[in-house]
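Asks: Okay, here's the prediction I keep looking at, along with the sequence it came from:
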Amino acid sequence: MKNIMLVCAAGMSTSLLVSKMQKAAQEQNLEADIYAIAESEVEKVLGAKSVDVMLLGPQVRYLKGSFETKYKDKNIPIDVINMSDYGMMNGENVLKQALNLIG
């Protein structure tokens, strides 16, 4: 089971992307818990569940450095979602990005 957290300003704009990523995961017979949250919820969620990768929506890319510093001890790969994949809601490519980061 892969746990993929998407972070955006309010947790709303990435919900369609989550649906597309879940569909891509199903097509690949991949068990994945993929969800979107608001950046204000990150600390609470990380305290409650394990996360394999954190992907930031382009609108919150400025948080990458501070999140990497703040959550360094959790060893979670953190990256910004490719802007064109985000804009096109390309769930397959974003899932691929997440899986590459997990390794």
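Replies: Everything's here; your move. Numbers count the residues shown, from 1 in each chain.

Asks: burial count for residue 69?
Replies: Using other C-beta atoms under 10 Å, residue 69 has 8 neighbouring residues. Where C-beta positions appear, they are placed from N, C-alpha and C, glycine not excepted.

Asks: how about the strand or helix carrying it: buried residues?
Replies: Assessed by DSSP states H and E, residue 69 sits inside helix 64-70. By neighbour count on 16 or more other C-beta atoms under 10 Å, the buried set for helix 64-70 is residue 67.

Asks: cool, stretch 91-103 as well?
Replies: With the criterion 16+ other C-beta under 10 Å, stretch 91-103 contains buried residues 91, 93, 94, 95, 97, 98, 99, 101.

Asks: where do the helices sit along this protein?
Replies: Ranges of helices in the chain, per DSSP state H, are 15-27, 42-48, 64-70, 83-87, 91-102.

Asks: and residue 77, which of these is closest to it?
Replies: If you check each of the helices of the chain against residue 77 by C-beta to C-beta, helix 91-102 wins as the nearest, at 4.0 Å.

Asks: so who does residue 3 touch?
Replies: 32, 33, 49, 50, 51, 52, 53 (C-beta atoms under 8 Å, 6 or more residues apart in numbering).

Asks: Same check on residue 84?
Replies: Residue 84 neighbours (C-beta under 8 Å, 6+ apart): residue 90.

Asks: next one: residue 70
Replies: Taking C-beta under 8 Å, 6+ apart as the definition, residue 70 has no contacts.
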